[in-house]
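Chemist: I'd like to go over a predicted model; first the sequence, then the structure.
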Amino acid sequence: NLDYLRELGALNEAGLPLHSGGLSVTHPGLVYLGLEFQRSFASNTLRGVGRDAAFVIEPLAAYARNAPATLGL
């Protein structure tokens, strides 16, 4: 249940995350893991979540490294 993201505009009308391969298309630095068919049939299983994590970790780390500058800190 991701209803807590609804007010941010991170979900579509059906309540599903707006993402591309687990990377939010609405909020930089927001990533998803374990979504059904996130990147493959196995994405929402232990078998597939590791590959999806490997896909989102570098963009997430890059965002975290640049976040202070982005926020003006």
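Modeler: The structure has been received and is ready for your questions. From a predicted model like this one, the values you see are computed outputs, not experimental measurements. Numbering: from 1, shown residues only.

Chemist: which stretches of the chain form helices?
Modeler: For the chain, the helices defined by DSSP state H cover 46-70.

Chemist: okay, now the residue lying closest to Leu8 once chain neighbours are set aside: neighbour count?
Modeler: Among residues not flanking Leu8 along the chain, His27 sits closest, at 6.5 Å (C-beta to C-beta, 6 or more residues apart in numbering). (Each C-beta comes from the backbone N, C-alpha and C, glycine too.) Neighbour count for His27, taken as other C-beta atoms under 10 Å: 15.

Chemist: give me the pLDDT value at His27.
Modeler: His27 carries a pLDDT value of 95.

Chemist: list the contacts of the closest residue to Val31 other than its chain neighbours.
Modeler: For Val31, ignoring the flanking residues on the chain, the nearest one in space by C-beta to C-beta, 6+ apart is Val56 at 4.2 Å. Val56 sits next to 21-23, 31-33 when contact means C-beta atoms under 8 Å, 6 or more residues apart in numbering.
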